[in-house]
Each structure stands twice: as C-alpha cells, then as structure tokens.
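In: Task: produce atomic coordinates for the following.
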Amino acid sequence: MDVAALAGRLAFKARDLTATHLDNSHNNGAQSTFLSISDLAVAAKLTVFESQSHMNYLVNMTDVIGTTNQTQEQQDWQFNLSGAQSQFEGIDQGQSFQMKTSSDAGSMSLRSDGRNLWILGENGPQETTITLEGMPFAVATYRADRSNFNLNWPFTPAPTPQEFALGLGIQGITLSPELWELVDPKMSLPRDPMGVNIDFGGRVLVTSDLSDSVARDASLQSQALPFALRDIELRDLSIAALGATATASGSLSFDADPSAEIAVQTVPKEGVITADFYGVNAMFDALLAAQLIPQDGEMGLRMMMGLFLRPAAGDDHLTANVDFGNRGLAINGMQIK
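Out: As a prediction, the model looks like this:
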C-alpha cells in the first residue's frame with residue numbers, strides 16, 4: 001500500500017510524572033532510571049483513504065512505574081501498573097467493530113546478560129469485550145482471573161547445548177452468555193471457568209546469533225532454525241474445559257543436524273509423554289446433547305477414543321502413553337508411525 005494512502009495521528013498525555021536517572025558509568029559502569037506516572041493516556045488514529053477505513057485506539061494506564069538497572073555485565077527492566085483500559089474501534093470495508101479491554105494490576109520484568117534473555121510477566125483479572133456489526137450477537141465478553149508468562153532463552157551461539165525454559169498460564173476463563181448461546185443454546189455443556197497451563201524447559205544448541213537480524217533471517221530463509229533442540233522436559237501441560245481436565249508430562253530428546261529443515265529437527269529421537277484425561281466421557285455426552293457432535297459420527301469417535309486412550313483407576317479416567325523410539329511413534333503400545 002502506498003504510504004500516501006495512509007494518514008495517522010498519535011497523542012500522549014501524562015499526569016504526575018516523576019523521573020530520575022543515576023549514572024555511575026564512569027566509576028563502576030552502573031546506571032539506573034526510575035519513572036513514575038499516575039495516569040498515562042495514549043491515543044492513535046489511522047485512516048486508509050482507498051478503502052475509506054479508519055481505526056481509533058485509546059489506552060489508559062494508572063500508577064505506572066518503570067525501572068531500569070544497567071551494569072557492564074547485565075541489564076534489568078521492570079514495569080508495573082495498577083490497572084489499564086484500552087479501546088480499539090473503527091470501520092473496515094463498511095462494517096464497524098469495537099474491542100474494549102480492562103485489567104487489574106500487572107507486571108513485567110526483563111533481564112539480559114548479553115548471552116541469555118529472561119522475561120517474566122503476570123497479570124491480574126482482565127476482561128475483553130468485542131462488538132462486531134452484522135454478527136449474531138451484539139456484544140461478546142471474555143474474562144480471565146489471572147495470566148502469567150515466563151521465558152528463558154539463550155541467544156548467542158555456543159559449542160554445547162544451553163538451557164531454556166518457557167511457561168504460559170491463563171486461569172479462570174469465562175465466556176459471556178451471548179457466546180455460550182451461539183454454541184450451546186440448550187445449556188448442555190458445563191460452563192465452569194476454564195484454564196490452561198504450559199511449563200516446559202530443556203536444552204537447545206544455538207547455531208546463529210539470535211540478536212543479529214541478518215543472521216536470523218538468513219537462517220529462516222534456508223528453512224532451518226537458528227537453533228537445534230536437544231532435550232525437552234514437559235513439566236506440566238494442564239487444560240480444564242467443559243467439565244473435563246487433561247494433564248501431560250514427560251521428556252523428549254532430539255539429535256537432528258542443526259542444518260536440517262524444521263520438519264526434521266522437530267521430530268523427537270526418543271522419549272515418553274504420559275497424559276491423563278478426567279471427565280472426557282461426560283464431556284463427550286454433553287457435546288452430543290448440545291448437538292456439536294453429529295449422531296452418525298458418535299460410534300466412530302468413540303472407537304477412536306478407544307484406540308488411543310485406555311481406562312485407568314478412578315471415575316471417568318483415561319490415560320495414554322506416547323512413546324517415541326527407534327521404531328517410530330507408538331501410543332499405548334500400538335505402533336502409529
């Protein structure tokens with residue numbers, strides 16, 4: 001799109017701003033910065049002339065506090081706020097849309113020592129409301145009680161594998177009655193709060209400097225990753241939805257050549273993942289009652305469940321062992337590939 005076809009406007013507004021900076025770089029190389037803002041507002045407007053589309057974006061944050069600490073060996077950033085609200089609205093191809101979000105206290109920290117990157121983020125209760133013209137619902141709302149994210153990743157090449165970690169969690173997810181009405185007007189499905197949690201780590205062999213955009217892009221264009229997985233430990237994978245829960249854990253190892261294509265690098269050499277499922281049969285019955293599973297497909301789906309899942313101790317408890325080895329992929333001892 002021609003840049004001349006775009007027009008935009010950006011505005012900032014802050015109240016009770018305090019900032020300090022301490023520079024000891026001439027002595028021990030340390031520098032620190034502190035920033036505090038009681039209220040921060042950012043407004044943006046974008047117009048696309050050719051399509052007669054326009055978008056407005058507004059975000060407000062309260063009690064914003066940011067700090068940075070830097071030495072010759074390490075850099076730390078910390079960001080905190082007590083609340084935030086945003087609104088995104090506009091007209092695209094003649095149809096209007098609007099999205100509003102609000103969240104309570106949140107924080108994010110970032111640290112780098114020149115070789116590794118650490119990111120940690122947490123957020124309290126949050127709510128998102130979406131309005132789309134022409135949709136069968138006027139307003140759809142999604143809520144979550146809390147969310148978290150963490151990442152530890154090496155970005156400089158090394159001759160030996162380096163440790164990494166990744167975690168993501170969203171708990172207390174609820175949907176508005178308007179959304180439920182679309183998929184379950186008979187109220188057959190349990191509407192308990194839903195959640196997901198992922199926590200895994202391992203070792204990775206970094207082959208390109210991930211901080212170098214040229215080297216990173218060249219690696220991706222060659223259809224090879226700028227790193228090669230060596231080990232993954234799945235500490236926790238938990239999903240709760242529609243009255244059922246699923247958990248999984250295990251470990252995998254990899255030994256593909258770093259120059260191999262992505263499809264080859266991501267195939268485990270060996271390892272076992274164990275998964276447990278609770279309440280799946282009850283959820284299956286509820287999906288049938290809600291007519292989200294066709295009656296003529298029930299038998300085939302139950303047969304597939306029987307092939308890949310086996311009964312375990314407890315009420316409505318199924319389990320599966322996924323085994324990667326020299327013979328390929330096996331589930332509960334049955335060779336799949």
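In: and the nearest residue to V64 once chain neighbours are set aside, what is it in contact with?
Out: The shortest distance from V64 to any non-neighbouring residue, by Cβ to Cβ, 6 or more residues apart in numbering, is to I37 (4.4 Å). Quick note: C-beta positions are derived from backbone N, CA and C, even for glycine. Counting by Cβ atoms under 8 Å, 6 or more residues apart in numbering, I37 makes contact with A14, R15, D16, L17, T18, M61, D63, V64, I65.
In: Same check on T101?
Out: Residues in contact with T101, defined by Cβ under 8 Å, 6+ apart, are A84, Q85, S86, Q87, Q126, E127, T128, T129.
In: These into a markdown table, with extra columns for distance to E233, secondary structure and neighbour count?
Out: As requested, the contacts of T101 are exported to a markdown table (distance: Cβ to Cβ, whole Å; DSSP: H, G, I helix; E, B strand; the rest coil; neighbours: other Cβ atoms under 10 Å):
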| residue | distance to E233 | secondary structure | neighbour count |
| --- | --- | --- | --- |
| A84 | 34 | strand | 20 |
| Q85 | 39 | strand | 15 |
| S86 | 37 | strand | 16 |
| Q87 | 42 | strand | 16 |
| Q126 | 30 | strand | 19 |
| E127 | 34 | strand | 16 |
| T128 | 33 | strand | 15 |
| T129 | 39 | strand | 16 |
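In: Looks like D276 contacts A312 (just checking).
Out: Yes. Using Cβ atoms under 8 Å, D276 makes contact with A312 at a distance of 6.9 Å.
In: Between these two, which contacts overlap?
Out: Common neighbours of D276 and A312 (Cβ under 8 Å, 6+ apart) are L318, T319.
In: Could you check which of these two is surrounded by more residues?
Out: Using other Cβ atoms under 10 Å as the criterion, D276 and A312 rank with D276 on top: 16 against 13.
In: Name the next helix or strand downstream of the helix or strand of the chain with the lowest mean pLDDT, please.
Out: Comparing helices and strands within the chain by mean pLDDT, DSSP states H and E singles out helix 213-221 as the least confident, with a mean of 66. Next along the chain after helix 213-221, taking DSSP states H and E as the criterion, comes strand 227-241.
In: how about that next one as CSV, C-alpha atoms only?
Out: Taking Å, rounded to 0.1, in the frame of the first residue of the first chain, the C-alpha atoms of strand 227-241 are listed here in CSV:
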residue,chain,number,x,y,z
PHE,A,227,18.9,-23.4,16.9
ALA,A,228,18.5,-27.2,17.3
LEU,A,229,16.5,-28.8,20.1
ARG,A,230,18.4,-31.4,22.1
ASP,A,231,16.1,-32.1,25.1
ILE,A,232,12.6,-31.1,26.2
GLU,A,233,11.2,-31.8,29.7
LEU,A,234,7.4,-31.2,29.7
ARG,A,235,6.9,-30.4,33.4
ASP,A,236,3.2,-29.6,33.1
LEU,A,237,0.6,-29.3,30.5
SER,A,238,-2.9,-28.8,32.0
ILE,A,239,-6.2,-28.0,30.3
ALA,A,240,-9.6,-27.6,32.0
ALA,A,241,-12.7,-27.0,29.9
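In: downstream neighbour of that strand in the secondary structure list?
Out: Next along the chain from strand 227-241, counting by DSSP H and E, comes strand 244-253.
In: Which helix or strand lies directly C-terminal to that next one?
Out: helix 262-265.
In: For the residue most central in space within the chain, give the beta-bridge partners.
Out: The chain has L168 as the residue nearest its centroid, 6.0 Å off, counting by Cα atoms, centre = their mean. With DSSP bridges as the criterion, L168 is bridged to F149, I198.
In: Tell me how far the residue nearest to L307 when sequence neighbours are not counted lies from S176.
Out: Leaving aside its chain neighbours, L307 sits nearest to M334 (7.1 Å; criterion: Cβ to Cβ, 6+ apart). Shown here: M334 relative to S176, a distance of 42 Å by Cβ to Cβ, to the nearest Å.
In: ok, now E163?
Out: On the measure of Cβ to Cβ, E163 and S176 end up 42 Å apart.
In: Mind checking which of those two has more residues around it?
Out: Legend: neighbour count by other Cβ under 10 Å for E163 and S176, higher for S176 (16 against 13).
In: what's the burial count for the closest residue in space to the more buried one that isn't next to it in sequence?
Out: Nearest non-adjacent residue to S176, counting by Cβ to Cβ, 6+ apart: T141, 3.7 Å away. T141: 17 surrounding residues under other Cβ under 10 Å.
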